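Engineer: Build me a model:
(one chain, ligands or ions: 2)
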Amino acid sequence: MTKRFGDFVAVNDLSLDVQPGTCLGLLGPNGAGKTTLMRMITGQTGLNGGSISVLDFDIATQSREARAVLGVCPQQDNMDDQQTARENLALWAALCRVPRAQRKSAIAKALATAQLTERAGERVTNLSGGMRRRLLLGRAFINSPKLVLLDEPTVGLDPQVRSDLWLIIDAMRRSGVTVVMSTHYIEEAERLADDIAIVNHGRVIARGTPHQLRERYVGVEAVEYFGPPEVLDEIASKAADAGLKSRRAGLSISVLGVENTSVELLNSWGRLSRRPTNLEDVFVLLTGESLDG
Ligand SMILES: Nc1ncnc2c1ncn2[C@@H]1O[C@H](COP(=O)(O)OP(=O)(O)O)[C@@H](O)[C@H]1O
Ligand SMILES: [Mg+2]
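Structural biologist: Residues are numbered from 1 along each chain as shown. Ligands and ions are numbered 1, 2, ... in the order given. You can find the predicted model right below:
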């Protein structure tokens, strides 16, 4: 699929297959095209080329059927501030065409998912940022979707709130719902996604499980050195001479894929600390850019 805004190509001839029952993480920096892609899948944004099918429904001709099996947690909170949590869910249930007879139980279930049963009568404006996000997430499941799209579900939240949301997402994933989740948080992708598509400039530039991506591009172990820039420069060139990849981040340098490199050699370059490689290493190495822009 392709999406252009004027001359700008936001989604560039991108192909993606998602296996049912898995959680696919779309990992990419701001501006990569993640939200545009999500909006194309829901039919909110038209395509300039290509096609999308959701569980055998073609978005172009069967968007109503597709929407019935889709759940969506948008990046931008679009709830009505002045209405209560329960009222917002009721409105959403109606929009998603949840049959009238099932609405009450669907709303109760969404409130329980969001851990907001006690606060159901509270106006949304009085809820904390974390509670709002939980509500937005619970709302996405109100029509018992087969596939949910979560667009940066924890963006801008503090670590405690983020891990609360991860619990909810993880429970959903385990229940067999297919999840497509965009994020620019490495930890979020590593913890929740079975399968990762690294997205940059509207394209998928790498695909695999977190472990496969690390093994393929950066090896499994890294060592990190701290010091002034001159020292780090020197280590970079020694690493290159030894055939190792490295990447700089502020006051440190990480030398990647050192699992088969002699400890004596690595120690001779300075004081080091060992760590597993991560998806940030993969991203930086593939793009030369950083994930948080
Ligand atoms: N409606 C629009 N008009 C023009 N440009 C847009 C529009 N929506 C998104 N873009 C541009 O498309 C690119 C991808 O945006 P987006 O899909 O929001 O990325 P992400 O969600 O990965 O941060 C960005 O450069 C953004 O500015
Ligand atoms: Mg986005």
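
Engineer: rest of the way, CA atoms for contacts and neighbours
Structural biologist: Will do.

Engineer: Show me which residues of the protein sit near ligand 1.
Structural biologist: F5, A10, P29, N30, G31, A32, G33, K34, T35, T36 (Cα under 6 Å from any ligand atom).

Engineer: please redo it, this time with the cut-off set to 8 Å
Structural biologist: 5-6, 8-11, 28-38, 151, 182, 199-202 (Cα under 8 Å from any ligand atom).

Engineer: Which parts of the stretch 51-200 of the chain are helices?
Structural biologist: Using DSSP state H, counting those that start in this stretch, the helices of the stretch 51-200 of the chain run over residues 63-68, 85-95, 100-113, 129-139, 159-174, 186-192.

Engineer: any chance of those in TSV, with mean pLDDT and mean neighbour count too?
Structural biologist: As requested, those are exported to TSV (pLDDT from 0 to 100; neighbours: other Cα atoms under 10 Å):
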stretch	mean pLDDT	mean neighbour count
helix 63-68	91	18
helix 85-95	96	20
helix 100-113	96	17
helix 129-139	95	23
helix 159-174	92	16
helix 186-192	93	18
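
Engineer: how about those helices in JSON lines, adding distance to G43?
Structural biologist: Output for the helices of the stretch 51-200 of the chain, formatted as JSON lines (distance: least, Cα to Cα, whole Å):
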{"stretch": "helix 63-68", "distance to G43": "7"}
{"stretch": "helix 85-95", "distance to G43": "15"}
{"stretch": "helix 100-113", "distance to G43": "24"}
{"stretch": "helix 129-139", "distance to G43": "19"}
{"stretch": "helix 159-174", "distance to G43": "23"}
{"stretch": "helix 186-192", "distance to G43": "25"}
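
Engineer: Please name whichever of the ones you listed is nearest to N78.
Structural biologist: helix 129-139 (8.5 Å; Cα to Cα).

Engineer: how deep is K34 tucked in, by neighbour count?
Structural biologist: 27 (other Cα atoms under 10 Å).

Engineer: Next: the one 3 residues further on.
Structural biologist: If you count neighbours by other Cα under 10 Å, L37 ends up with 23.

Engineer: And the one 4 residues further on, by the same measure?
Structural biologist: Applying the criterion other Cα under 10 Å, we find 24 residues in the vicinity of I41.

Engineer: Domain map for this structure?
Structural biologist: 3-214, 220-287 (automatic domain parsing).

Engineer: part of a strand, is S246?
Structural biologist: Yes. Checked against DSSP: H, G, I helix; E, B strand; the rest coil, S246 lies within a strand.

Engineer: Of the domains of the chain, which stretch is the most buried?
Structural biologist: domain 3-214 (a mean of 18; mean count of other Cα atoms under 10 Å).

Engineer: Quote the end-to-end distance of that one.
Structural biologist: End-to-end span of domain 3-214 (Cα to Cα, to the nearest Å): 30 Å.

Engineer: Please apply the same query to stretch 138-152.
Structural biologist: 15 Å.

Engineer: What are the contacting residues of that stretch?
Structural biologist: By Cα atoms under 8 Å, 6 or more residues apart in numbering, the list of residues contacting stretch 138-152 from outside reads 34-35, 38, 68-75, 89, 92-93, 96-98, 106-107, 109-111, 113-114, 137, 177-184.

Engineer: what's the answer for stretch 114-121, then?
Structural biologist: T84, A85, R86, A108, L111, M131, R134, L135, L137, G138, I168.

Engineer: What of stretch 164-181?
Structural biologist: Contacts for stretch 164-181 (Cα under 8 Å, 6+ apart): 19-26, 113-114, 134, 145-154, 188, 192.

Engineer: Restricted to strands, list the residues you listed.
Structural biologist: The strands, defined by DSSP state E, take in C23, L24, G25, L26, L147, V148, L149, L150, D151 from the contacts of stretch 164-181.

Engineer: Tell me which two of those sit farthest apart.
Structural biologist: Farthest pair in these, by Cα to Cα: L26 and L147, 14.7 Å.

Engineer: Which residue would be the closest one in the stretch 151-293 of the chain to ligand 1?
Structural biologist: G202 (7.2 Å; Cα to the nearest ligand atom).

Engineer: Perfect, I'm done here.
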